[in-house]
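S.K.: Got a sequence here, can you model it:
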Amino acid sequence: MSKFHILKRSTNQAVGLAEYAKKFLTSNSAIDPKVIERVKLFHTDSVVCGISALALKTNAPTLLRKEALDYYNLKNQNLSSGLRNYRSKVFGSSDWVAAEKAIVANCSAVREWDSNGTVFGYNKEIKGNQAGEFGHNDFYPVVIAAAHTQNNITGKDVLRGMILLDEIRGRLAEVFSLKSYKIDHVVHGAIASAVTYGAMIGATTEQIESAVGMVVSHYIPWRAIRAGKQLSDSKGASAAISTEVAITSVRRAMAGFIGPKDIFRNPESIFRYFQKTEGDSPFDIALSEEGTKFALMDMHFKLGLYEHQSAGALEGVIKLIQENPELIEGNSLKNIKDIIITAYEPAFGIIGDPAKRDPKTRQSADHSMVFIVSRLLKKAIDNSAKIKSIINNRDSLWKELILSPLDYSYEALKCNDTKELMGKIKFLHGGKEYDDKYPEGIPTKVDINFADGKNISSGLVMFPSGHSSNTKCNLKDILNNKNSTLLNYANSNISETDKLLHSLNNIENMTNRDLEEVYNCKIELSNVSIDESGFDASKYSK
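M.R.: Just a heads-up that it's a prediction; the model follows:
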């Protein structure tokens with residue numbers, strides 16, 4: 001078993017997190033190079049997602065970025081007055097703005113496509129640490145903002161801060177399932193953001209405790225954000241808005257505001273309210289300090305735009321195409337009788353929601369199993385000659401069949417072929433057999449029945465490409481394809497996008513001054529939003 005630093009449930013864990021964070025940031029503990037490499041991949045992936053979402057004029061990121069630049073711009077203010085302690089920059093700008101406003105804008109952009117990293121809260125080494133809470137790698141702008149306030153922070157320090165933030169939110173996801181109580185998963189990220197940002201900019205242990213107490217007592221988002229027949233901007237912006245108030249809480253705590261103490265043992269906070277105890281917190285928190293066993297090593301990559309719980313189905317379809325090339329031949333759309341997808345809870349309840357069988361918004365479509373699978377299969381049918389030429393290479397198929405923003409555009413939602421395929425899909429709950437295999441894996445099976453009586457099956461898929469336990473795919477190569485695809489929407493100049501990627505991939509070599517411009521890149525804006533009629537998808541065709 002790996003060695004963990006344990007914050008016991010009988011202790012003040014808010015203080016414990018603050019002390020752990022401050023020690024981790026200043027220690028010389030050896031972090032394995034594999035961990036450093038993985039956090040760089042997650043960070044680069046998140047930035048590329050964010051920049052491309054702005055380029056295609058998605059609503060919430062565009063609005064929040066404009067708000068930061070128009071209403072919270074510091075260029076006309078006296079930075080010597082102390083404002084430097086709380087400033088940062090939005091994607092694609094050199095202007096200083098209020099830190100929490102840059103963070104809400106950047107985190108919103110990062111999350112908009114729902115295509116960056118994912119965690120499912122699973123630690124096989126500690127009994128009881130398999131709560132399976134969701135989470136995403138949305139919060140790196142918090143760490144960059146901390147570097148913008150402290151001129152002694154370098155690129156190496158930033159990477160340690162990112163590892164710290166992922167460690168805290170990842171470990172909380174292992175021990176407390178927010179979704180079980182209809183609370184949005186972003187709470188864990190908000191707590192981690194408050195702790196990490198506070199520790200990086202010099203907040204005391206008591207100030208960090210106050211900030212965490214404020215986050216948990218004042219700002220708890222419910223999963224109403226993700227319910228309803230059609231999803232809205234609130235789904236994609238949830239992490240951003242929770243992080244905005246987390247950073248505001250840190251700033252207020254450092255100014256003297258005193259929030260609730262010992263919040264994990266508070267009998268009326270969310271933790272003990274939903275999980276009754278005699279006085280302790282409901283859980284211990286196990287945290288890594290060195291080596292390889294950090295939480296982010298068990299986080300997963302998305303290889304395109306799709307809800308990660310559909311990854312098993314996508315891998316299953318790609319496997320079936322490899323084994324049965326006739327699946328994508330000329331008349332296959334008509335020859336397919338039905339497609340049966342069997343999966344686990346919570347996937348069945350979230351992306352199998354009957355309301356999502358006819359998505360009217362991009363946010364609903366990327367959380368619709370039937371839409372996601374239909375778009376991938378349609379893409380394979382439309383490009384059957386190319387697909388057959390690379391059919392023996394699964395990595396190449398993932399790259400060629402990448403689901404991009406164009407697959408969820410205003411026009412894509414109206415595609416008749418996609419709707420015909422959606423009508424053929426049946427989504428089944430696999431029961432206990434499947435449920436017991438989550439969150440270790442993404443247990444999914446795809447069966448396709450043809451009109452001529454032939455039946456084909458993917459068999460059980462547990463660890464699809466992009467999953468942390470998948471050791472077969474060439475992850476870097478597929479992510480490079482994703483990066484180039486998304487950056488093509490943001491900037492047509494390949495030399496400029498290559499420069500951005502080189503900068504992000506070598507962030508450990510950056511000085512503090514370099515970090516001031518790390519997000520300042522040229523973004524070519526579409527004339528029309530991808531979510532509106534009149535968007536010209538042909539402009540971005542390969």
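S.K.: rest of the way, CA atoms for contacts and neighbours
M.R.: OK.
S.K.: Okay, S533 and I220: tell me how far apart.
M.R.: Distance of S533 to I220, given as Cα to Cα, to the nearest Å: 36 Å.
S.K.: the more surrounded of these two?
M.R.: I220 (18 against 11; other Cα atoms under 10 Å).
S.K.: Go through this protein and flag its longest strand.
M.R.: Longest strand in the chain, counting residues (DSSP state E): strand 336-343.
S.K.: Sheet partners, orientation included, of that strand?
M.R.: Using DSSP bridges, the strands paired with strand 336-343 in its sheet are strand 425-429 (parallel), strand 445-450 (antiparallel).
S.K.: shaky segments in the protein?
M.R.: Residues of the chain meeting the criterion pLDDT under 70: 1-2, 76-84, 229, 542.
S.K.: Report the buried residues of stretch 423-439.
M.R.: Buried residues in stretch 423-439, defined by neighbour count with 16 or more other Cα atoms under 10 Å: 423-427, 429-430, 434-435, 438-439.
S.K.: Mind putting these into a markdown table with distance to D417?
M.R.: Below are those laid out as a markdown table (distance: Cα to Cα, whole Å):
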| residue | distance to D417 |
| --- | --- |
| G423 | 10 |
| K424 | 11 |
| I425 | 13 |
| K426 | 17 |
| F427 | 19 |
| H429 | 26 |
| G430 | 28 |
| Y434 | 31 |
| D435 | 32 |
| Y438 | 32 |
| P439 | 33 |
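S.K.: picking up where we left off before, out of the strands paired with strand 336-343, flag the one nearest A380.
M.R.: strand 445-450 (15.2 Å; Cα to Cα).
S.K.: what separates that closest one from the chain centre, distance-wise?
M.R.: The chain centre lies 30 Å from the centre of strand 445-450; the measure is Cα atoms, centre = their mean, to the nearest Å.
S.K.: Quick one: name whatever helix or strand follows it.
M.R.: Next along the chain after strand 445-450, taking DSSP states H and E as the criterion, comes strand 455-457.
S.K.: Where do the helices of the stretch 301-450 of the chain begin and end?
M.R.: Taking DSSP state H, counting those that start in this stretch, the helices of the stretch 301-450 of the chain run over residues 311-323, 332-335, 347-350, 362-365, 369-382, 384-389, 394-400, 416-424, 432-435.
S.K.: Relative to K22, how far out is N28?
M.R.: Relative to K22, and taking Cα to Cα, N28 is found at 12 Å.
S.K.: Give me the more crowded residue out of these two.
M.R.: More neighbours surround K22 than the other of N28 and K22, with 20 against 10 (other Cα under 10 Å).
S.K.: before we move on, what SS does that one have?
M.R.: When classified by DSSP: H, G, I helix; E, B strand; the rest coil, K22 comes out as helix.
S.K.: nearest residue to it other than its sequence neighbours?
M.R.: Leaving aside its chain neighbours, K22 sits nearest to A199 (5.3 Å; criterion: Cα to Cα, 6 or more residues apart in numbering).
S.K.: Which element, helix or strand, includes the one you found?
M.R.: helix 186-200.
S.K.: Show me what that helix packs onto, helices and strands only.
M.R.: In terms of contacts (3 or more Cα pairs under 8 Å, 6 or more residues apart in numbering; DSSP states H and E), helix 186-200 is packed against helix 13-26, strand 135-136, helix 140-149, helix 155-175, helix 205-218, helix 233-255.
S.K.: so who does F301 touch?
M.R.: Taking Cα atoms under 8 Å, 6 or more residues apart in numbering, we find F301 in contact with 42, 116-118, 466-468.
S.K.: who wins for most neighbours among the residues you listed?
M.R.: Most surrounded of the contacts of F301: other Cα under 10 Å gives N116, at 29 neighbours.
S.K.: now that we're looking at it, how far away is I6 from it?
M.R.: 29 Å.
S.K.: Could you do A211 as well?
M.R.: 22 Å.
S.K.: Who has more neighbours out of these two?
M.R.: A211 (33 against 13).
S.K.: Disregarding flanking residues, what is the spatial nearest neighbour of the spatially most distant residue from the centre of the chain?
M.R.: Relative to the centre of the chain, and counting by Cα atoms, centre = their mean, the farthest-placed residue is D452 at 41.7 Å. In this structure, D452 finds its nearest non-sequential neighbour in N335, 7.5 Å apart by Cα to Cα, 6+ apart.
S.K.: G453 is in contact with that neighbour, correct?
M.R.: No. N335 lies out of contact with G453 (Cα atoms under 8 Å); the separation is 9.9 Å.
S.K.: H502 - how many residues pack around it?
M.R.: Neighbouring residues of H502 were enumerated by other Cα under 10 Å; the total is 12.
S.K.: same thing with S384?
M.R.: Around S384 there are 18 other residues, counting by other Cα under 10 Å.
S.K.: what do you get for the one 5 residues further on?
M.R.: Counted with other Cα under 10 Å, the burial measure for S389 works out to 10 neighbours.
S.K.: got the contact list for the helix or strand hosting E496?
M.R.: In the assignment (DSSP H and E), E496 maps to helix 494-505. Applying Cα under 8 Å, 6+ apart, the contact partners of helix 494-505 are 40-41, 43-44, 487-488, 491, 518, 521.
S.K.: I191: which of those residues is nearest?
M.R.: H43 (19.2 Å).
S.K.: so what's the closest one closest to, chain neighbours aside?
M.R.: Y140 (6.7 Å).
S.K.: and that neighbour, what does it touch?
M.R.: Per Cα under 8 Å, 6+ apart, neighbours of Y140: 43, 107, 162.
S.K.: Helices - which of the contacts of helix 494-505 land there?
M.R.: Among these, the members falling in helices (DSSP state H) are 40-41, 43-44, 487-488.
S.K.: Centroid-nearest residue for the chain?
M.R.: H136 (3.1 Å).
S.K.: ok, the closest residue to it other than its chain neighbours - contacts?
M.R.: Once flanking residues are discounted, H136 sits nearest to T118: 4.4 Å by Cα to Cα, 6+ apart. Neighbouring residues of T118 by Cα under 8 Å, 6+ apart: 134-137, 299-302, 308.
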